[in-house]
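A.B. asks: pasting a predicted model and its sequence here:
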Amino acid sequence: MNKLYNMRFLLKLAGNKKKSLIASIILSVISSVFATLIYYMLYKVIITLIDTKIQYEYLWSLSKYITIFVIINIVSSVLSGILSHVAAFNILYQVRINVCNHLPKLNMGFFNKNTIGEIKKTVNEDVEKLELFIAHQLPDLVTAMISPVLIIGIMIYFNAVLGIIMVIPVILALISQKQTYKQYSKNMTKYNYFQRKMNTAIIQYVKGMNVFKAFNISSVSFNQFNDSVEDHYDFWMKTTKQSMPFYVNYLLLLESGTLFSVPIGGYMLIKGYIEFAAFLLIMLLSIILFESFKSLMSLSQELNILLEGAGNIRKIIETPILEDGNLELPIDTSHEITFKNVSFSYEKTKVIKNLNFTVKNNSITALVGASGSGKTTITQLIGRFFDIQQGSISVGGINIKELSTKSLMNNIAYVFQEVYLIKDTIYENIRMGMDKTEDEIISAARKAQIHDYIISLPNAYNTKIGNGGIKLSMGEAQRISIARCILKDAPVLILDEVTAYADLENERKLQLALDELLRNKTAIIIAHRLYTIMNVNEILVLEEGRIVEQGTHEALINNKGIYRNMWDNYMMEDSLCIKI
């Protein structure tokens, strides 16, 4: 049933290119028909040549027909290929665009469930197989299906007994093929699982190469990578052993098909039940018939893999998106953030529990607490990276679920702990698709304390980052990220431990950049270095998804509770570092 849905899904993906595909299929059928007719015309030529009185005019006429049929066969085949390729590349483009447009609309839960390797396999490999099938294999599949029908029809037309005998090995081969196909069908889901697992392990291994080198871990020592390769290998060995007996029977029956045709056909020729030209034609067509069925077997296996891949694409495209609101945040409105009785769970694990707090307009609130206390989750819920299961979150007095995603994200800027830089110029990394002038970008870089570093580079703002370019330190990358936010000028800011990895020099510049960024903004800061939040308006102390303390730095210190213990421990660690 899934495969039927996947096939319908494939046809739906064709969209306005269905006509091109149908035309390609029709041309492929025409090509098959005329390819078969050529053999019939050759039969006529043989009949004419073995006649005691050769009719040269009739022979010349047959030659003309053969030439015309060959031309029609070639032209229809080429046109079929052109149309299928044009359709394939257009469908490929549209599918990738649809998938890439759909992915940002999904909540982060989808990306937690599906690894980078799994998504990469779907967007890259599974989509690429669509092109291979539509452009190349679809016309071949049509030919492989039509040709046997035409050939068997011609055989039965010339000699019904011999034609039916020729069908016997085909029927037996198809029974074996069905068993082989069953084995493949059962294992395709596993194939996709092991392929995704191996892709994920390879990506992790490559991305973590510096760590693996430091600890002298080879691909064999990295169990996840090694196990995924072994599992992939074991899967194919098991699949091959399961399907091998049926596949061998299938090939033997097709390859030995002439053992049926030659003795019986020869006997019928000797007895005069069939003429010599018809006998030669049937022997020739029998070879083509068996080869067509071998192609059909191969193409059916490819179709099976393709349909599983189409299922992966369908899984992404049919994953429900976050329901978009239709309200817009008014210009010059208050950007007060309110959590009211908010609870949220990852799958079955409850991480936010009946949370209530307000971040006043143009104020700074800091979130502190142990790892896993819910700090990052709170910041992600504000941007609707996930939807809450209970309660409400509002910005400017409007429930964020009622706001359009565009309006919500236009009013929020994030500076994450892990900075993502695209493989492009520094200029484009700051601009990030925003419609801003060069002067505005340079001004943002100045305020982010990164301009002087940029102009010290040989190509200044046109310097490439990543492969073939420069590698930035964590502090420099953070200041690029801050420059983006200054350029965006969103009224709400969310900062996730932006100074966590900065050295002393970068931290000083980061603090200057943050002072500029936070001016007249409503902000939430996740803090690791507690001295950086001493002057914020309010601190929320979190423990297992709940607020256990809140107030100013001074009030919480005087309260001598959890925050005071955190502060004392932080200062002790700091003093130990200084002594060392």
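C.D. replies: On my side now, so go ahead.

A.B. asks: my read is residue 418 is in a strand, agree?
C.D. replies: No - per DSSP: H, G, I helix; E, B strand; the rest coil, residue 418 lies outside any strand segment and is coil.

A.B. asks: make 543 the starting number, not 1.
C.D. replies: Got it, the first residue is 543 from now on, which makes the last one we talked about residue 960.

A.B. asks: tell me, how many neighbours does it end up with?
C.D. replies: By the measure other C-beta atoms under 10 Å, the count of residues near residue 960 is 12. All C-beta spots, glycine's among them, are computed from the backbone N, C-alpha and C.

A.B. asks: now swap in residue 681 and tell me
C.D. replies: Residue 681 has 24 neighbouring residues, counting by other C-beta under 10 Å.

A.B. asks: quick one: the helices in the stretch 543-692 of the chain, in order.
C.D. replies: Secondary structure of the stretch 543-692 of the chain (DSSP state H, counting those that start in this stretch): helices located at 544-556, 560-592, 598-644, 650-655, 658-662, 669-674, 680-700.

A.B. asks: just checking, what packs against the shortest one?
C.D. replies: Judged by 3 or more C-beta pairs under 8 Å, 6 or more residues apart in numbering; DSSP states H and E, the packing partners of helix 658-662 are helix 702-749.

A.B. asks: turn the helices of the stretch 543-692 of the chain into TSV, columns for mean pLDDT.
C.D. replies: Putting the helices of the stretch 543-692 of the chain into TSV (pLDDT from 0 to 100) gives the following:
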stretch	mean pLDDT
helix 544-556	61
helix 560-592	81
helix 598-644	83
helix 650-655	68
helix 658-662	72
helix 669-674	72
helix 680-700	78
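
A.B. asks: what's the closest of those helices to residue 1028?
C.D. replies: Ranking the helices of the stretch 543-692 of the chain by their distance to residue 1028 (criterion: C-beta to C-beta) puts helix 650-655 first, at 25.6 Å.

A.B. asks: so what's residue 595 up against?
C.D. replies: Under the criterion of C-beta atoms under 8 Å, 6 or more residues apart in numbering, residue 595 has no contact partners.

A.B. asks: what pLDDT does it get?
C.D. replies: Residue 595 is assigned 73 on the pLDDT scale.

A.B. asks: before we move on, what about residue 902?
C.D. replies: Model confidence at residue 902, given as pLDDT, is 90.

A.B. asks: could you do residue 733 as well?
C.D. replies: The model reports residue 733 with a pLDDT of 69.

A.B. asks: got it, and residue 788?
C.D. replies: Predicted confidence (pLDDT) for residue 788: 71.

A.B. asks: and it, which of the three is it?
C.D. replies: helix.

A.B. asks: and it, how many neighbours?
C.D. replies: Residue 788 is flanked by 18 other residues according to other C-beta under 10 Å.

A.B. asks: what does stretch 948-960 rub up against?
C.D. replies: When contacts are taken as C-beta under 8 Å, 6+ apart, the neighbours of stretch 948-960 outside the stretch itself are 869-871, 877, 921, 924-926, 937, 942, 1020, 1023-1024, 1026-1027, 1030, 1032-1040, 1042-1043, 1059, 1068.

A.B. asks: ok, now with 7 Å
C.D. replies: Outside stretch 948-960, the residues within contact range by C-beta atoms under 7 Å, 6 or more residues apart in numbering are 870-871, 877, 924-926, 937, 942, 1023-1024, 1027, 1030, 1032-1040, 1042.

A.B. asks: just the ones of those in helices?
C.D. replies: Secondary-structure check on those using DSSP state H: residues within helices are 924, 1023-1024, 1027, 1030.

A.B. asks: using CSV, lay out the residues you listed together with pLDDT.
C.D. replies: Written out in CSV, the entries for these read as follows (pLDDT from 0 to 100):
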residue, pLDDT
924, 86
1023, 84
1024, 84
1027, 84
1030, 85
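
A.B. asks: quick one: which of those residues is most hemmed in?
C.D. replies: residue 1024 (30 neighbours).

A.B. asks: that one against residue 1059, yeah?
C.D. replies: Yes - counting by C-beta atoms under 7 Å, residue 1024 sits close enough to residue 1059 to count as a contact (5.5 Å).

A.B. asks: list the buried residues for stretch 600-619?
C.D. replies: Taking 16 or more other C-beta atoms under 10 Å as the neighbour-count basis, stretch 600-619 is seen to contain the buried residues 604, 608, 611, 614-615, 618-619.

A.B. asks: can you put those in TSV and add distance to residue 560?
C.D. replies: Formatted as TSV, the buried residues of stretch 600-619 follow (distance: C-beta to C-beta, whole Å):
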residue	distance to residue 560
604	39
608	35
611	29
614	25
615	25
618	19
619	21
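
A.B. asks: pick out the most distant pair among those.
C.D. replies: Counting by C-beta to C-beta, the most remote pair of these is 604 and 619, 22.0 Å apart.

A.B. asks: how about the strands of the stretch 993-1122 of the chain, start to end?
C.D. replies: 1034-1038, 1064-1068, 1080-1085, 1088-1093 (DSSP state E, counting those that start in this stretch).

A.B. asks: need these in TSV (columns: distance to residue 964 and mean pLDDT).
C.D. replies: Formatted as TSV, the entries for the strands of the stretch 993-1122 of the chain read as follows, by distance: least, C-beta to C-beta, whole Å; pLDDT from 0 to 100:
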stretch	distance to residue 964	mean pLDDT
strand 1034-1038	19	85
strand 1064-1068	24	88
strand 1080-1085	33	88
strand 1088-1093	37	87
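
A.B. asks: of all those, which one comes closest to residue 672?
C.D. replies: Once C-beta to C-beta is applied to those, the stretch that comes out nearest is strand 1034-1038, at 38.3 Å.

A.B. asks: what does the closest one contact?
C.D. replies: By C-beta under 7 Å, 6+ apart, strand 1034-1038 touches 877, 879, 918, 921, 924, 937, 953-959, 1027, 1059-1060, 1063-1068.

A.B. asks: try it again at 6 Å.
C.D. replies: Counting by C-beta atoms under 6 Å, 6 or more residues apart in numbering, the neighbours of strand 1034-1038 from elsewhere in the structure are 877, 921, 953-959, 1063-1068.

A.B. asks: pairing partners for it, with directions?
C.D. replies: strand 954-957 (parallel), strand 1064-1068 (parallel) (DSSP bridges).

A.B. asks: now the angle between strand 1080-1085 and the longest one, please.
C.D. replies: Between strand 1064-1068 and strand 1080-1085, the angle formed by their directions is 40 degrees, by axes from the mean of the first three to the mean of the last three C-alpha atoms, to 10 degrees.
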